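Undergrad: Next comes the sequence, and after it the predicted model I'd like to discuss.
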Amino acid sequence: MLAAAVALLSLTDVHADERAALTQVASFAHQVTGVTVARDGRIFVNFPRWTEDSAVSVGELKNGQVVPFPNAEWNAWRNAKKDEVTASDHWVCVQSVVADAHGDVWVLDAAAPAMGAVVKDGPKLVRIDLATNRPARTIAFDETVAPQGSYLNDVRFAPDGKTAYLTDSGAKGALVVVDLETGSSRRVLDGHPSTQPDKAVTVMYDGKPLRRPDGRGVEFSADGLALSGDGATLYWQAIKGRTLYSVPTSALRTPGVAVADQIVSVGDNGPADGLLISRRDGRMYVSSPQDDSIKVRDLSNRGSPLATVVHDKRLRWPDTFTEGPDGTIYVTTSRIQDSAFFEPSAPAALPTTLWSFKPTGS
């Protein structure tokens, strides 16, 4: 069980210089990426096994503590026990947890610890029935969908519950379309420029290029993902990139359609990680790791620039968004730039934080 200290901050404690104030919801002793708030208000988080063999990969936040979810057994896989614990029914390296509109939570397991080799039988999308707290369905991804070098990153669900859309931020970026009625999946825009890192972009942090000890920079492909409220338009972008792209989901759902011909360049986000379209007003929230900020885009006004909602030095790599039932926006800070990937002296277990803020006018 992971401890999570809950500390509410007064406005005088907040260092944000923009319109919205941050509230610290929880702090973790391990590197968090995903967060979701279910329809009933329950909060779930995940800890990918990147630089440590974390004891909990998926958890529910309860009374200031992270409780293994759906149970300890599903969290029992470890790198050290790779040959002893089955990957198909345990969390291997979970990157995202996402609540759907029907009251359940889905877990996306990239199954690539340390963003390295994909563990056989590990890549999967699992629906957890929150009424029973038990896995209700597992959609396994074979090597045609999650090949070696892949890193399945984020997922969004069509309002009708028939389709899921994923990003692959690995060595060869792509989108993945999942037919939730049949369980069949396929890669689209595999290797297309819109899903690849932009060679002209260098991700910066603290005023200098963010590089690994061997000189490599940030290389994440298609990562951030958002779906319009009506389910008609999918948005995505690479972290090592600037351009936000979109495509009609009708093109993605129809095999044989020339999807690339229908891609639209929506605007310049700069290097960005998390994307979220608010149910409340339809605006898109964008996490901006380079400048410790959260920004917003008015999708109804094409060509409108990003506006900063929060700029706060404590937002060290704002990562994943979720929206609570009351419109509160939650965001994790995964501190990727402070991790052992980029900072050799960093601890294997990297402390991270979950924040929230109220959008202006809510």
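TA: Thanks, I have the structure now. Numbers count the residues shown, from 1 in each chain.
Undergrad: wait, residue 37 sits on residue 103?
TA: No. Between residue 37 and residue 103 there is no contact under C-beta atoms under 8 Å: 12.0 Å. (C-beta placed from N, C-alpha, C; glycine too.)
Undergrad: In terms of neighbours, single out the busier of those two.
TA: residue 37 (21 against 12; other C-beta atoms under 10 Å).
Undergrad: and that one, what is it in contact with?
TA: Contact analysis of residue 37 by C-beta atoms under 8 Å, 6 or more residues apart in numbering lists 43, 44, 99, 322, 323, 324, 325, 328, 330.
Undergrad: Across the sheet, point out what pairs with it.
TA: Note on residue 37: beta-bridge partners by DSSP bridges are residue 43.
Undergrad: Distance of it relative to residue 274?
TA: 14 Å (C-beta to C-beta, to the nearest Å).
Undergrad: same thing with residue 201?
TA: Taking C-beta to C-beta, one finds residue 201 at 17 Å from residue 274.
Undergrad: More neighbours: those two, which one.
TA: More neighbours surround residue 274 than the other of residue 201 and residue 274, with 28 against 17 (other C-beta under 10 Å).
Undergrad: The more buried one and residue 321 touch, don't they?
TA: Yes. Counting by C-beta under 8 Å, residue 321 is a contact partner of residue 274 at 4.7 Å.
Undergrad: Common neighbours of the two, please.
TA: Shared contacts of residue 274 and residue 321, counting by C-beta under 8 Å, 6+ apart, come down to 285, 287, 331.
Undergrad: For these, which single residue is the most surrounded?
TA: Neighbour max across those (other C-beta under 10 Å) = residue 287, 28 neighbours.
Undergrad: Tell me which residues touch that one, please.
TA: 224, 272-275, 293-294, 315, 318-321, 331.
Undergrad: ok, now with 10 Å
TA: 224, 239, 269, 271-276, 293-295, 310, 315, 317-321, 331-334 (C-beta atoms under 10 Å, 6 or more residues apart in numbering).
Undergrad: ok, back up a step: can you say which two of the contacts of residue 37 are spatially most distant?
TA: Greatest spacing in the contacts of residue 37, by C-beta to C-beta: 44 and 328 (15.2 Å).
Undergrad: separation between the spatially closest residue to residue 298 that is not a sequence neighbour and residue 45?
TA: Among residues not flanking residue 298 along the chain, residue 304 sits closest, at 4.7 Å (C-beta to C-beta, 6 or more residues apart in numbering). According to C-beta to C-beta, residue 304 and residue 45 sit 32 Å apart.
Undergrad: Please say which of the two ends up with more neighbours.
TA: More crowded of residue 304 and residue 45, by other C-beta under 10 Å: residue 45, with 30 against 12.
Undergrad: Phi first, then psi, for that one.
TA: phi -140, psi 160 (degrees, to the nearest 10).
Undergrad: Pretty sure it sits against residue 332.
TA: Yes. Counting by C-beta atoms under 10 Å, residue 332 is a contact partner of residue 45 at 7.2 Å.
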